[in-house]
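# Structure, please.
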Amino acid sequence: MVLADTLFRPLIVLGSFALSLLAGIGRLAMFAGRAVRAMLTPPWYPARLFEQMALIGWFSLPVVGMTALFTGAALAQQIYVGGQRFSAESTVPAVTVIAMVRELGPVLAGLMVAGRVSSAIAAELATMRVTEQLDAMVTLRTDPWRYLIAPRIIAATLMMPVLVGVANIVGILGGYLLAVYRLDFNGSTYLATTMRYLEADDIVSSLVKAAVFGFLLALAGCYHGYRSGGGAAGVGRATTNSVVTAFILILMFNLAITVAVFGG
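The predicted structure follows:
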């Protein structure tokens, strides 16, 4: 009996983990369905929506812009160094714009906004849960799903394409500045090559990814914040779990969208 328990214990642990993972995915999917229903049915709160658009979009611009600028410059430098091994230094503008628009712009912007926004949403909602403010809203006949959750998810979904568009432009600018002022590229030739290799599919896929990432990162923050409990420790767990969940969802859906759009 002891030997059997020892042999099957890894399988038991693995099975328990798989079941808990599936249960968590199911809870998140049900939460997402209810959130979408709240987004599509009245009453709506435009003032709350515009407030969240400003908080998520405008105040995230500095961190997204700085991240994109430095990443674009570093990317151009690395491509140039790698291209020297094959005498392909001229590919710097083409590879930079493709990599920035297709992958790095949406993913980095999504991760940076997730770190800032998902944690803030989770902390705010978790604090409201711990202090029983959510219960008080229900008592006052105000639906927390429509007043708190729906505006945050809609705002993130709408503002992320704007932030990713800015990240793409700033990232390409960073690569341009480093290539022209450090690597001695001709500025007009660099821009012409960039425009020649940038296609509409790249831009569309980037913006689609951005909208999906915005939905996911706001969903993660709302999910963990709304379902939190356990006092101050619960608020901390909700904040941490929201960021981890948002990161994992962004990377998973990034792969799925990339394979769906460019896999053929």
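# okay, how far is it across stretch 136-146, tip to tip?
Using C-alpha to C-alpha, to the nearest Å, one end of stretch 136-146 lies 15 Å from the other.
# Tell me which residues are up against that stretch.
Applying C-beta atoms under 8 Å, 6 or more residues apart in numbering, the contact partners of stretch 136-146 are R34, A35, A38, T41, P42, P43, W44, Y45, L134, Y147, L148, Y226. In this view, the C-beta of every residue, glycine as well, is placed from N, C-alpha and C.
# do that again at 10 Å, thanks
31, 34-35, 37-39, 41-45, 48, 125, 128-129, 132-135, 147-150, 222, 226 (C-beta atoms under 10 Å, 6 or more residues apart in numbering).
# Only the buried residues of that stretch, if you could.
Going by neighbour count (16 or more other C-beta atoms under 10 Å), the buried part of stretch 136-146 is P144, W145, R146.
# Which among the contacts of stretch 136-146 count as buried?
31, 35, 38-39, 44-45, 48, 125, 128-129, 134, 147-150, 222, 226.
# residues in contact with F253?
Taking C-beta under 10 Å, 6+ apart, one finds G110, K209, V212, F213, F215, L216 in contact with F253.
# Could you double-check that the fourth one sits in contact with A256?
It refers to F213. No. Using C-beta atoms under 10 Å, F213 is not in contact with A256; the gap is 11.8 Å.
# the more surrounded of those two?
Legend: neighbour count by other C-beta atoms under 10 Å for F213 and A256, higher for F213 (30 against 13).
# Looking at this protein, which helix is longest?
Secondary structure of the chain per DSSP state H: the longest helix is helix 2-40.
# before we move on, back to that, so which of the contacts of stretch 136-146 belong to helices?
31, 34-35, 37-39, 48, 125, 128-129, 133-135, 150, 222, 226.
# quick one: the strands in this protein?
For the chain, no strands are identified by DSSP state E.
# any idea which helix or strand of it has the worst average confidence?
In the chain, no helix or strand scores lower on mean pLDDT, DSSP states H and E than helix 2-40, which sits at a mean of 81.
# Tell me the buried residues in that helix?
Neighbour-count burial for helix 2-40 flags L28, F31, A32, A35, A38, M39 (criterion: 16+ other C-beta under 10 Å).
# other SSEs contacting it?
Contact here means 3 or more C-beta pairs under 10 Å, 6 or more residues apart in numbering; DSSP states H and E; on that basis helix 2-40 packs against helix 150-181, helix 200-226, helix 231-262.
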